[in-house]
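*Asks:* show me how the following folds:
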Amino acid sequence: MSSPRAATGDLAAEVTRIRAAHRSPLAAIFGVADFIAATASSHKRARAHSRAMHTQIRRLLDDAVAERELLKCDTNRLAGTVQSLITGSLLQWAIDRDGKVGDRLRADLDTLLKPRHCPPRERRRHPRRPVRRT
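*Replies:* Just a heads-up that it's a prediction; the model follows:
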């Protein structure tokens with residue numbers, strides 16, 4: 001894996017090459033955008049980040065199921081849904097800027113996870129039995 005400095009140098013060289021190929025600096029910016037979109041290493045880094053995020057979310061969901069905070073479910077699929085929700089919420093917030101981003105994320109996550117939430121009484125390993133008084 002190359003160092004960040006090497007990657008920056010590689011990018012600088014590529015931008016210089018793209019700029020030389022375009023008469024207009026603005027056209028070169030679009031050329032740089034095309035380069036970034038087509039660069040396999042950019043996709044590999046994004047994919048690795050996405051997979052790592054999915055794994056971490058799934059682990060948290062597994063823990064929540066184990067601790068009986070969530071109903072049993074396919075945590076792998078739910079992790080993908082949570083990840084998609086986070087991405088979509090961030091994008092929508094960036095468009096409408098309605099409220100605070102953290103509030104938006106929490107509200108959207110609550111909408112998704114609340115139906116899967118176990119109320120505290122159901123989480124108890126040994127539910128309380130009613131006390132009979134004589």
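*Asks:* poorly predicted segments of the chain, please.
*Replies:* For the chain, applying pLDDT under 70 flags the ranges 1-9, 40, 121-134.
*Asks:* how does it divide into domains?
*Replies:* 4-38, 51-123 (automatic domain parsing).
*Asks:* looks like D62 contacts T75 (just checking).
*Replies:* Yes - counting by Cβ atoms under 8 Å, D62 touches T75, with 5.1 Å between them. Yep, even glycine has a C-beta here, placed from its N, CA and C like the rest.
*Asks:* among the two, which residue is more densely surrounded?
*Replies:* Shown here are D62 and T75; by other Cβ atoms under 10 Å, T75 has more neighbours (20 against 15).
*Asks:* wait, that one touches D63, no?
*Replies:* No - T75 lies out of contact with D63 (Cβ under 8 Å); the separation is 9.4 Å.
*Asks:* just checking, what packs against the longest helix anywhere in the chain?
*Replies:* For the chain, the helix reaching the highest residue count under DSSP state H is reported as helix 40-66. On a contact count with 3 or more Cβ pairs under 8 Å, 6 or more residues apart in numbering; DSSP states H and E, helix 40-66 meets helix 75-96.
*Asks:* now name the helix or strand holding L113.
*Replies:* helix 101-113 (DSSP states H and E).
*Asks:* ok, and what's touching that helix?
*Replies:* 70, 81-82, 85-86, 88-90, 92-93, 98 (Cβ atoms under 8 Å, 6 or more residues apart in numbering).
*Asks:* if we use 7 Å, what do you get?
*Replies:* 81-82, 85-86, 89-90, 93 (Cβ atoms under 7 Å, 6 or more residues apart in numbering).
*Asks:* quick check: the farthest pair among those?
*Replies:* By the measure Cβ to Cβ, T81 and W93 form the most distant pair in the contacts of helix 101-113, at 18.1 Å.
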